[in-house]
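Asks: I would like the atomic coordinates for the input below:
(one chain, ligands or ions: 1)
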Amino acid sequence: MTAATILVADDDKAIRTVLTQALGRQGHVVRTTGNAATLWQWVNAGEGDLVITDVVMPDENGLDLIPRIKKIRPGLRILVMSAQNTLLTAVKATERGAFEYLPKPFDLRELVSVVNRALSEPASGGGALVHHGEEEEEKLPLIGRSQAMQEIYRVLARLMPTDLTVMIYGESGTGKELAARALHDYGKRRRGTFVAVNMAAIPRELIESELFGHEKGAFTGATTRSSGRFEQAAGGTLFLDEIGDMPLEAQTRLLRVLQEGEYTTVGGRTPIRADVRIIAATHRDLRQMVRQGLFREDLFYRLSVVPIRLPPLRERSEDISELIRHFFAEAQNEGLATKTLDGEAMEALRAYHWPGNVRELENLVRRLTVLYSQETIGIDVINSELSEVDAGTSEPSTAPDSLGSAVEHHLRSYFAAHDGNLPAPGLYDRVLRELERPLIELSLSATRGNQIRAAKLLGLNRNTLRKKIRDLDIQVVRGLK
Ligand SMILES: Nc1ncnc2c1ncn2[C@@H]1O[C@H](COP(=O)(O)OP(=O)(O)OP(=O)(O)O)[C@@H](O)[C@H]1O
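Replies: Residues are numbered from 1 along each chain as shown. Below is the predicted model of the structure:
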């Protein structure tokens, strides 16, 4: 590695000293300044082989300097360091043309290795940079500044200008869909549609037509042509949620589409180009599923071009208070009263294990807003709310919460949301119908559409089941076997 001149701008003297020492030891010449104006002067005079800049400096924001530097010296690489550790900073740094973004505090070894890379990697053609207006700031959804989340932001920001297939792992409720949406909303396909399909929610016989569409008459009940999710997402992003739940036959079909870049509808012959970016997600251990023969290895490798693992909330408890503030603010936007938590209550939430992750926290905040009248929430309320959830999980069932307590929570919020008024009459039938539909649909799908077996499973008379299917307008699809 040849010695280079590195220009460093940071208003923190300690950082300047540390960088001078670490990079000096590598044989580089380091020039430092505490403001943006001096950095700009140096760059303008043609000095330096590499720039390392902070974001917030007394005279100018380092991010605003990047496009100006790129204009006069497009080949000069810029590393951005920032303590403003949001997804937005990472996105802005990347889209304005920074070579790399390093959230502070960073590991010096990492910095040195990034510097070496910046000085030695040949210039790439570089994907077109996407630029967004400031107004998009509002939309950025991912909250949390923990180290673990910053790492995620850095990876997401780098993936945004690309079309690479991304595989997002993470427990339920960790924000997999939100991360996928962020990739779409800030990526180069953002003018297209984001289409999410949950593999676990579609009966297996319907998956192919759901994904690829079907022609009129392709199977019994296909009375018209129907477009599939690939077609709906054309030009945009297709989010395949719970990919681990995809049946093997559908996996084979998907693999072929990914390999060939085109698909045909069910019953159709003309190949159609697949113009989607694929983002898949699962809470399962796909590697283990591959070993067990439940997931195709070749599909696994196709999808895992870039794997991302979203950390469970208990591994980033420092983000909890910010998330709570965010969800309270959301409730306030909807006209609900906002609350605060006292110190003890907050401590309890930080120590809790959050099996349902951010979704569970979000639901808790909603309950606190609608069910309790006090402005400051104390430990008693938190204890009783959390113990109810825990009571649900300690039951022998494998469900995350018992059906009864889930329904009870739902109904309590429903009543509370009416603010002392009563809901519309006919509640008993409405609630039972809401339960009846998923119960019947799932029983039918479990018995592959066999109404005799479904009736037996449910303990219903066959004619009663048939009548309910008609009344609720449930689509019955017969299994292939
Ligand atoms: N970092 C975050 N900041 C703000 N909200 C978040 C964050 N992560 C998750 N959420 C919220 O938590 C809820 C669950 O998130 P999401 O649906 O993306 O999770 P998921 O991992 O896809 O869950 P599942 O595996 O159950 O589908 C959503 O309402 C989402 O808005």
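Asks: What parts of this structure come near the ligand?
Replies: Residues of the chain lying near the ligand by CB under 6 Å from any ligand atom: 141-144, 170, 172-178, 241, 283, 358-359, 362. Where you see a C-beta, it was placed from the backbone N, CA and C, and this is true even at glycine.
Asks: What count of nearby residues applies to V115?
Replies: Applying other CB atoms under 10 Å, we find 24 residues neighbouring V115.
Asks: List the contacts of the residue in the chain that the ligand sits nearest to.
Replies: As assessed by CB to the nearest ligand atom, the ligand sits closest to G175 within the chain, at 2.6 Å. Contact analysis of G175 by CB atoms under 8 Å, 6 or more residues apart in numbering lists L142, L310, N357, V358.
Asks: a strand runs through the first one, doesn't it?
Replies: No: according to DSSP: H, G, I helix; E, B strand; the rest coil, L142 belongs to no strand; its state is coil.
Asks: ok, for it, nearest residue in space, not its chain neighbours?
Replies: Take L142 and drop its neighbours on the chain: the residue closest to it by CB to CB, 6 or more residues apart in numbering is L87, 5.0 Å away.
Asks: Count the neighbours of the one you found for me.
Replies: So L87, with other CB under 10 Å, has 23 neighbours.
Asks: Likewise for A4?
Replies: Neighbours of A4 (other CB under 10 Å): 19.
Asks: Once you drop chain neighbours, what's closest to it?
Replies: Nearest to A4 is D49, by CB to CB, 6+ apart, at 4.0 Å.
Asks: ranges for the helices of the stretch 301-450 of the chain?
Replies: Counting by DSSP state H, counting those that start in this stretch, one finds helices in the stretch 301-450 of the chain at the ranges 320-333, 343-351, 357-371, 379-393, 403-416, 427-446.
Asks: would you list the ones you listed in CSV and tack on distance to L206 and mean pLDDT?
Replies: Formatted as CSV, the helices of the stretch 301-450 of the chain follow (distance: least, CB to CB, whole Å; pLDDT from 0 to 100):
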stretch, distance to L206, mean pLDDT
helix 320-333, 34, 90
helix 343-351, 41, 94
helix 357-371, 26, 92
helix 379-393, 31, 75
helix 403-416, 25, 71
helix 427-446, 9, 81
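Asks: most neighbours per residue, which of those helices?
Replies: helix 357-371 (a mean of 19; mean count of other CB atoms under 10 Å).
Asks: Between helix 320-333 and that one, find me the angle.
Replies: On the basis of axes from the mean of the first three to the mean of the last three CA atoms, to 10 degrees, helix 357-371 is oriented at 50 degrees to helix 320-333.
Asks: Contacts for helix 357-371, please.
Replies: Contact partners of helix 357-371, identified using CB under 8 Å, 6+ apart, comprise 171-175, 312-313, 320, 323-324, 327-328, 331, 336-339, 349, 354, 356, 377, 381, 385-386, 389, 409, 412-413, 416-417.
Asks: so who does K456 touch?
Replies: Contact analysis of K456 by CB under 8 Å, 6+ apart lists nothing.
Asks: How far off centre is the host helix or strand of it?
Replies: According to DSSP states H and E, K456 maps onto helix 451-458. Relative to its chain's centre, helix 451-458 lies at 38 Å (CA atoms, centre = their mean, to the nearest Å).
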